[in-house]
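Undergrad: with the input below, show me the fold.
(chains A and B)
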Amino acid sequence: MNFDVGLLIAKAPEILNALGVTIMAWLIGLVGACIIGFAVAVARRYGPRWLNGLLFGYVEVFRGTPFLVQLFLLYFGGPYAGLSLDALPAGLMALSVYGGAYFSEVFRLGFEGVPRGHVEAAECAGLSRGQIVARILLPEMAVLVLPASVNLAVVLLKETSVLSIITVQELTFTASAIGTEFYAFVEALFVLALGYWGLVEFAAALGRVAERRLARFAVS
Amino acid sequence: MTNAISVKSLSKSFGKTQVLQKINLEFPAGAATCVIGPSGSGKSTLLRCLSFLEEPDSGTIEVFGEPLGFTEDAQGKRARIAAARLRKVRAGIGMVFQQFNLWPHMTALGNVSAALKLVRKLPRAEAEDRAMAQLTRIGLEARAGHYPSQLSGGQQQRVAIARALALEPKIMLFDEATASLDPELTGEVLAVMRGLAEDGMTMVIVTHEIGFAASIGRVIAFLDHGQVLTSGGPQEVFGKPRHPRIEQFLDTYLDRGAAMLI
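TA: Below you'll find the predicted structure:
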């Protein structure tokens, strides 16, 4: 069996298009997950007790079940609950909610990692509550949560491949289709491995640069 | 001698532990008051009440005649003062912590100028000029662009002092400001504090440096189990005859540089 480079070149526009869909789903899912995760972490920290309990349940359920199952339930079960979504919006929503559960824990630990005294020093200097959050808590937290966030971003990238199951035409879906159509599974797997690995390395490199730049802010 | 701070019948509990029991103390203006005593005696809690980081359960604190946080009428009924008024009183009080508590994502200059920009709303250039003047005062103008992690403990604490001074407080509070520094670095921070005392800054200093307290304090207050055991000038507190509890406390410091007091 020969490795058919010609096939990959011929299919390059399709593959690049699919790679674009993967990147788009990843970035939107990541932003959604960050927003949900941050909102949940804030609500659990400052909100009423019952809300904390409810959100604890959300985190446990979504961290405790496979993403595939969550995606299935939303896409195929959603219409029975009056929530009919196309494949891509359903996929983005599932990614955000799933990632949000993990991000909320990262942010929760980030909040707890900022020393109480740094906030007290800001209170003594007369900063308002909003200023303390925006100028002290968030920047300090960003440094603390960066390594775990890069890690999570990488996990979320790979989870976007699951969207192929509900026919989102991202990289895994497209490569599998090419593989089946031309009986070229090795080529398809090669494209998949290379595509995801390249993106992961890119994300990790960004993370390393950011970490190096933030190292001097570390609490001594 | 006018009083900068007047504490009346101040009590504070954490859960079932009563940390301060009806403290009465006067802190003279333009001089240093040193609060000493064993660990767990309530020194730090008293200081945290003076900066309103802790809210007392009962009693009052007056800062240059203005109530800090609460007022009490003759029947002991408490009323909280308005937030704006509280902010004004607190603005006259600078605080220096044992753990420095510099903001790690800002340079030395950023730490000192932050509140000038955010609270005083000064233009950036003016805020940084004033911050620079404070850094020069403590001899760290060359370190203005350094982040806290690039500074020694003693330098960090001096920056923290400059940060408080930049807001031109009428009173400076020091909460065991040298307790997490080694002896060599302790010296440079004590030198800055001594300079402030000589400039006539009103200071309340919680410290374990008994020798320093004796030499710098106009008033020494000895706290034990949440009560003021004795207070007065250094001669009254440290001179003989001494309160037996102070005698016992000082004995433990004999080999730690306070021998010259006896």
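Undergrad: list the buried ones in the least confident helix or strand in chain A by mean pLDDT?
TA: Within chain A, judged by mean pLDDT, DSSP states H and E, the helix or strand with the poorest mean is helix A:5-10; its value is a mean of 82. For helix A:5-10, the neighbour count (16 or more other Cβ atoms under 10 Å in any protein chain shown) marks A:7, A:8 as buried. No exception for glycine: its C-beta is placed from N, CA and C like everyone else's.
Undergrad: repeat that for stretch B:34-47.
TA: For stretch B:34-47, burial by neighbour count (16+ other Cβ under 10 Å) applies to B:34, B:35, B:36, B:37, B:38, B:41, B:42, B:43, B:44, B:45, B:46, B:47.
Undergrad: past the least confident helix or strand of chain A, which element shows up next along the chain?
TA: helix A:12-46 (DSSP states H and E).
Undergrad: tell me where the model's unsure across chain A.
TA: Applying pLDDT under 70 to chain A flags the ranges A:1, A:218-220.
Undergrad: that should have said chain B, apologies.
TA: In the predicted model, chain B carries pLDDT under 70 at residues B:1, B:253-262.
Undergrad: which residues of it lie near chain A?
TA: Contact residues, chain B versus chain A (Cβ under 8 Å from any Cβ of the partner chain): B:51, B:53, B:87, B:90-91, B:93-95, B:97, B:99, B:101-105, B:114-115, B:118-119, B:147-151, B:156, B:160, B:163-164, B:167.
Undergrad: just the residues you listed: which are in helices?
TA: B:87, B:90, B:91, B:114, B:115, B:118, B:156, B:160, B:163, B:164 (DSSP state H).
Undergrad: mind checking how far the spatially most central residue of chain B is from residue B:32?
TA: When Cα atoms, centre = their mean is applied to chain B, the residue found nearest the centroid is residue B:173 (1.9 Å). Residue B:173 sits 11 Å away from residue B:32, going by Cβ to Cβ, to the nearest Å.
Undergrad: give me the common contacts of the two.
TA: Residues touching both residue B:173 and residue B:32 (Cβ atoms under 8 Å, 6 or more residues apart in numbering or on different chains): B:203, B:204.
Undergrad: quick one on the thing from earlier: looking at the ones in helices among the residues of chain B next to chain A, which is nearest chain A?
TA: Using Cβ to the nearest Cβ, residue B:115 comes nearest to chain A of these, at 3.9 Å.
Undergrad: give me the neighbour count for the closest one.
TA: The number of residues packed near residue B:115 is 24, by other Cβ atoms under 10 Å in any protein chain shown.
Undergrad: just to check, it is in contact with residue B:166?
TA: Yes - counting by Cβ atoms under 8 Å, residue B:115 does reach residue B:166; the two are 7.1 Å apart.
Undergrad: tell me the centre residue of chain A?
TA: Taking Cα atoms, centre = their mean, chain A has its central residue at residue A:30, 3.6 Å away.
Undergrad: thinking it is in contact with residue A:99, fair?
TA: Yes - counting by Cβ under 8 Å, residue A:30 touches residue A:99, with 6.8 Å between them.
Undergrad: highest neighbour count among the ones in helices among the residues of chain B next to chain A?
TA: Neighbour-wise, those (other Cβ under 10 Å) top out at residue B:163, 31 neighbours.
Undergrad: against residue B:172, how distant is that one?
TA: From residue B:163 to residue B:172 the distance is 11 Å (Cβ to Cβ).
Undergrad: quick revisit: show the contacting residues for the residue nearest to the centre of chain B.
TA: By Cβ under 8 Å, 6+ apart, the contact set of residue B:173 is B:47, B:50, B:51, B:93, B:94, B:95, B:96, B:203, B:204, B:206.
Undergrad: could you redo the last one with a cut-off of 6 Å?
TA: Residue B:173 is in contact with B:47, B:50, B:51, B:95, B:204, counting by Cβ atoms under 6 Å, 6 or more residues apart in numbering or on different chains.
Undergrad: out of those residues, which are inside strands?
TA: Mapping those onto strands (DSSP state E) picks out B:95, B:204.
Undergrad: which stretches of the stretch 101-250 of chain B form strands?
TA: B:171-175, B:202-206, B:217-224, B:227-232 (DSSP state E, counting those that start in this stretch).
Undergrad: please work out which of the ones you listed is packed deepest.
TA: For the strands of the stretch 101-250 of chain B, ranked by mean neighbour count under the definition mean count of other Cβ atoms under 10 Å in any protein chain shown, the leader is strand B:202-206 at a mean of 27.
Undergrad: strand partners of that one, parallel vs antiparallel please.
TA: strand B:32-36 (parallel), strand B:171-175 (parallel) (DSSP bridges).
Undergrad: distance between that strand and the chain's centre?
TA: 4 Å (Cα atoms, centre = their mean, to the nearest Å).
Undergrad: quick one: the helices in chain A?
TA: A:5-10, A:12-46, A:49-64, A:67-72, A:87-113, A:116-124, A:129-131, A:138-159, A:171-182, A:185-214.
Undergrad: with distance to chain B added, can I get the ones you listed in TSV?
TA: As requested, these are exported to TSV (distance: least, Cβ to the nearest Cβ, whole Å):
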stretch	distance to chain B
helix A:5-10	46
helix A:12-46	18
helix A:49-64	19
helix A:67-72	34
helix A:87-113	11
helix A:116-124	4
helix A:129-131	5
helix A:138-159	5
helix A:171-182	37
helix A:185-214	8
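Undergrad: Throw these into JSON lines and include distance to residue B:57, thanks.
TA: Shown next, in JSON lines, are the helices of chain A (distance: least, Cβ to Cβ, whole Å):
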{"stretch": "helix A:5-10", "distance to residue B:57": "75"}
{"stretch": "helix A:12-46", "distance to residue B:57": "25"}
{"stretch": "helix A:49-64", "distance to residue B:57": "24"}
{"stretch": "helix A:67-72", "distance to residue B:57": "50"}
{"stretch": "helix A:87-113", "distance to residue B:57": "27"}
{"stretch": "helix A:116-124", "distance to residue B:57": "19"}
{"stretch": "helix A:129-131", "distance to residue B:57": "24"}
{"stretch": "helix A:138-159", "distance to residue B:57": "32"}
{"stretch": "helix A:171-182", "distance to residue B:57": "63"}
{"stretch": "helix A:185-214", "distance to residue B:57": "42"}
